[in-house]
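>>> fold the following for me, if possible:
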Amino acid sequence: MNRNASDADGENALAFLGQLATATSRRRFLQWSGVTIGIALVGCSSDRITAVPQGVNLGSGDVGVLNYAYALEQLEAAFYTRVLLAPYTGMTMPEREILTDLRDHEIVHREFLRTALGSAAIGSLEFNFGSVDFANRTSVLTTARVFEDLGVGAYNGAGQLLTDAGLLLIAGKIVSVEARHASAIRDLLNPGSADFAGNDIVTVSGALDVALSPAMVLDAGAAFITTAIDARSLPTA
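Down below sits the predicted model:
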């Protein structure tokens, strides 16, 4: 795995947090969050992965975790790219700006991971968005909410699996960005509501973001990812 940018990414991530402290608007935050992205990581819990006889093998160790992240970033980048090819009916300029920011961020995530993995990267996946009505605002934003919440939950399961402290540092910064994405989408769906911190994404007992295992994430993504994914070699502890 290519690790040449690791130290610089850590410094950029810390500088990025300083910028966030002075954010004055959702739009400005989203712009900043695409500038100093380091490496997007997602992981898994101790849940056992269901066997997949054929398909793309994610690999093991940190490489497997990176490929897991790369698969999800490909999904999100492909979705937002499709959304903006033919904007849904009634899309406002502020909505277009936010969705453009999210698309650009996911492309940065995807390309950074592809470069970091080098020859260990899985190939380009194929997707099926046939269940999404891209001309309908509610259909598009509801699907975006699913993807963003899924991403946050997946990132939250990564910490215990990473062996590289530098990657763990970056993962902590990235999950906060993805959570902002999720919050922005939820605000578009329900302006001014407390939906961004609903019980479906924040645990009632611990007041923490939900953490999802790879089995749960890949099962949820299976409706959109047509390429078979073999995650049996991912670390589980």
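
>>> residues in contact with Ser124?
Gln74 (CB atoms under 8 Å, 6 or more residues apart in numbering). Every residue, glycine included, has its C-beta placed from N, CA and C.

>>> numbering from 8 from now on, please.
I'll keep to 8 as the first residue from here, and by that count the last item is Ser131.

>>> that one: helix or strand, and which one exactly?
Per DSSP states H and E: Ser131 is located in neither a helix nor a strand.

>>> and what of Ala151?
In this assignment (DSSP H and E), Ala151 forms part of helix 144-162.

>>> which residues in the chain form helices?
Here the chain has its helices, by DSSP state H, at 13-27, 33-40, 68-92, 100-124, 144-162, 172-196, 221-228.

>>> show me what the fifth one is packed against.
Pointing back at helix 144-162 there. Packing partners of helix 144-162 (3 or more CB pairs under 8 Å, 6 or more residues apart in numbering; DSSP states H and E): helix 68-92, helix 172-196, helix 221-228.

>>> so which of these is the most packed in?
Highest mean neighbour count of the helices and strands packed on helix 144-162: helix 68-92, a mean of 22 (counted as mean count of other CB atoms under 10 Å).

>>> what mean pLDDT does that helix have?
In this model, helix 68-92 has a mean pLDDT of 93.

>>> that older thread, make JSON lines out of the helices of the chain and add distance to Leu132.
Formatted as JSON lines, the helices of the chain follow (distance: least, CB to CB, whole Å):
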{"stretch": "helix 13-27", "distance to Leu132": "24"}
{"stretch": "helix 33-40", "distance to Leu132": "24"}
{"stretch": "helix 68-92", "distance to Leu132": "5"}
{"stretch": "helix 100-124", "distance to Leu132": "11"}
{"stretch": "helix 144-162", "distance to Leu132": "14"}
{"stretch": "helix 172-196", "distance to Leu132": "19"}
{"stretch": "helix 221-228", "distance to Leu132": "10"}
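
>>> right, I'll leave it there.
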